[in-house]
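Participant: Any chance you could fold what I've pasted below:
(2 chains)
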Amino acid sequence: QKEVEQDPGPLSVPEGAIVSLNCTYSNSAFQYFMWYRQYSRKGPELLMYTYSSGNKEDGRFTAQVDKSSKYISLFIRDSQPSDSATYLCAMSEEQGAQKLVFGQGTRLTINP
Amino acid sequence: DGGITQSPKYLFRKEGQNVTLSCEQNLNHDAMYWYRQDPGQGLRLIYYSQIVNDFQKGDIAEGYSVSREKKESFPLTVTSAQKNPTAFYLCASSIWSQNIYGYTFGSGTRLTVV
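Facilitator: Coordinates of the predicted model:
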């Protein structure tokens, strides 16, 4: 079993829809959770960062962490065609431990 | 502008050849990393380095080698011992003590065996 599981998709939704992307993990020591966005043939870029449990909102994006269920989510409201990309979750145990563990990535397409 | 530069963008390797992928950063980051990305498998860690002249194996180091002679540079050599080298290779850097900022990634090198 992989340490971090993420449905690779592909996921295709109409423009304006609410998108939900999810990851589950097995390591209860993970405390730092991130979402990266990767456009085709580019490197990933950090989208959201969350420490421990709770919600964090940034514009149309909301990240949720439920440590009791070992489950994290990224919600995209009012989705736009420019949101079409691969979304990768990543997590680590400690602030100083730089070895991030990544999910497989979910390929998302927003149709105009 | 600060960032990470990977070169070349596309690289073709013949069977039995060693090739070196370049990674340079001007962010003054301590740590640098090499990842391999294959469809459906996400990012897998090849090597990482916290400081100059020191590096550690990641999860899939076999068939790869690295050096860290300068803080700014972390080249990756894909040797002939790597049996399935066709992949997208990503270099990243970070401030070692502050995970909160995450990684900064380069734009990647796509390596194809011909």
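
Participant: Quick one: name the residues of chain A near chain B.
Facilitator: Applying CB under 8 Å from any CB of the partner chain, we find that chain A lies next to chain B at A:4, A:6, A:8, A:32, A:34, A:36, A:41-46, A:49, A:51, A:88, A:90, A:92, A:94-100, A:102-105. C-betas here are computed from N, CA, C, even on glycine.

Participant: What parts of chain B come near chain A?
Facilitator: B:4, B:6, B:31, B:33, B:35, B:40-43, B:45, B:48, B:50, B:58, B:90, B:92, B:94, B:96-108, B:110.

Participant: how far away is the residue of chain A most remote from its centre from A:Ala17?
Facilitator: Distance from the centre of chain A peaks at A:Pro112, with 22.5 Å (CA atoms, centre = their mean). A:Pro112 sits 12 Å away from A:Ala17, taking CB to CB, to the nearest Å as the criterion.

Participant: Give me the spatial nearest neighbour of the closest residue to chain A within chain B, chain neighbours excluded.
Facilitator: Closest to chain A within chain B is B:Phe105: 3.3 Å, counting by CB to the nearest CB. Spatially, and ignoring its direct neighbours in sequence, B:Phe105 is nearest to A:Gly43 (3.3 Å; CB to CB, 6 or more residues apart in numbering or on different chains).

Participant: what is B:Ser7 paired to in the beta sheet?
Facilitator: Beta bridges link B:Ser7 to B:Ser22, judged by DSSP bridges.

Participant: Can I have the buried ones of the residues of chain A next to chain B as a ChimeraX selection?
Facilitator: Selection of buried members from those for ChimeraX, criterion 16 or more other CB atoms under 10 Å in any protein chain shown:
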select /A:4,6,32,34,36,43,44,49,88,90,92,98,100,102,103,104,105
